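S.K.: What follows is a predicted structure for the sequence shown.
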Amino acid sequence: MPLSDLFKKSPKQEPDKNNPLGTPEMQKKRHDAALEFLKIFQEKIPLLRGKPHAGTVLAVAARLAGSSLYRALNSQKNIAPGVVVLSDEVNEAWPKLMNIFAFYCKQNGIDVMSKPMITNFPEQNKPLMEVGQVLAEYQDQYHEIMKKHGLNYLEGARAGMIVCSITFQYHCMKVKDIDPYIATGIIAMGVVEGAKTSPVPLRSEGSKPAATPTPVNNAQNDQLTPIVTSIANNSLDGSGTRLVLGEGMNSIQEAMTKGGKYILVHPEVINKLKQNNIDPYLIYEAALRIEMESKIPQIDFVGANVDTLLGEWGTKPQAQAPVHVRQLLWLNDNAASFGYQRSENSWRLKQ
């Protein structure tokens, strides 16, 4: 059965003024464009042992949507392909795409925001294509179709979330070859990867001279260098009077659904830091320092009990702990010096 048929059988709902989907006319343009791309995508779908590989299929759809968002927000910038671009605009915009994805999933019978997303993907679910491979293979046809249906890059990104929702429905609800919350995590990370990675030029754009990538400085792991601080600033997202910490996507989901700020470091940034012998944890600690120095009123830890983690890791080498635990251990040792007092799973700024 064609993937596009799944969407035709989905419940339809006219948007109200608060609906993120926009006017019925724009919805139809996005739907038509998404279905046309799906027909082409199904002929070129990534396979593993003769069958569609769920993690790769979902990542392709999400990265194309994210890359379209990148183009919408960086149209005047000339940056070498493959360079990670840290952007406050992207930090603000990509969760709105995930809200559209969640809206369609809920219409189809599953609330993807009801449980924590999973970002520690099982080996069999990890995407088999890199961002650059996805764009080289699919982006030209994708954007030609979006343009044909009168969609700019931002609307093309929103159409991409329809593609994500249909591929999600197929793999999670029809053939059931991937857990829905692993799938949601793959889509979320795919959108971020696409939205923060400079793409290769489209064929329609011709070849353009590109700027030379700036290498990551080889800083010492025990110092907060300017580049680490800059990355930390650009890795802070969300809004509100609290900072949410936790494992993987737990903190992001909590902040997006209940309000708050969170820390999200682009996976390619983490890879480049590791290549340059820089501990990626430095970014998370720097972001935590930035918020505490700005006197954010509250810091909440979600997804686990603080006392349990402190008891488990308190006597072990901190470098062996996961990032969220290292943040927790650092908070336990340093929060008081910044004027914070702990109460169960929260630290509050003393008045």
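M.R.: On my side now, so go ahead.

S.K.: C-alpha only now, for contacts and for neighbours.
M.R.: OK.

S.K.: Can you give me the neighbour number for residue 131?
M.R.: Counted with other Cα atoms under 10 Å, residues neighbouring residue 131 total 22.

S.K.: oh sorry, the question was meant for residue 114
M.R.: For residue 114, the neighbour count with other Cα under 10 Å is 10.

S.K.: ditto for residue 311
M.R.: Neighbours of residue 311 under the rule other Cα under 10 Å: 10.

S.K.: For it, give me the pLDDT.
M.R.: pLDDT recorded at residue 311 is 89.

S.K.: doesn't it fall inside a strand?
M.R.: No. Residue 311 is assigned helix when assessed by DSSP: H, G, I helix; E, B strand; the rest coil, not a strand.

S.K.: That one and residue 335, how far apart?
M.R.: As judged by Cα to Cα, to the nearest Å, residue 311 and residue 335 stand 18 Å apart.

S.K.: How about residue 285?
M.R.: With Cα to Cα as the criterion, residue 285 and residue 335 are 12 Å apart.

S.K.: what residue ranges in this protein score low on pLDDT?
M.R.: 1-21, 76-77, 206-225 (pLDDT under 70).

S.K.: how's it carved up into domains?
M.R.: Domain assignment for the chain by automatic domain parsing gives 3-205, 226-349.

S.K.: ranking the ones you listed by burial, who's on top?
M.R.: Mean neighbour count (mean count of other Cα atoms under 10 Å) peaks for domain 3-205 among the domains of the chain, with a mean of 19.

S.K.: From the chain's centre, how far out is that one? Work that out for me.
M.R.: Remark: domain 3-205 is offset 11 Å from the chain centroid, using Cα atoms, centre = their mean, to the nearest Å.

S.K.: and what of stretch 340-351?
M.R.: Taking mean C-alpha positions (Cα atoms, centre = their mean), stretch 340-351 and its chain are 29 Å apart.

S.K.: in the stretch 101-250 of the chain, which spans are helices?
M.R.: Applying DSSP state H, counting those that start in this stretch to the stretch 101-250 of the chain gives helices spanning 131-148, 153-169, 180-195, 226-235, 250-258.

S.K.: For residue 38, find the nearest of those helices.
M.R.: Between residue 38 and the helices of the stretch 101-250 of the chain, the tightest spacing by Cα to Cα is seen for helix 153-169, at 7.0 Å.

S.K.: got the contact list for that closest one?
M.R.: The contact list for helix 153-169 (Cα atoms under 8 Å, 6 or more residues apart in numbering) reads 3-4, 6-7, 30-31, 33-35, 38, 57-58, 61-62, 64-69, 71-72, 97-98, 100-101, 104-105, 108, 143, 146, 180, 183, 187.
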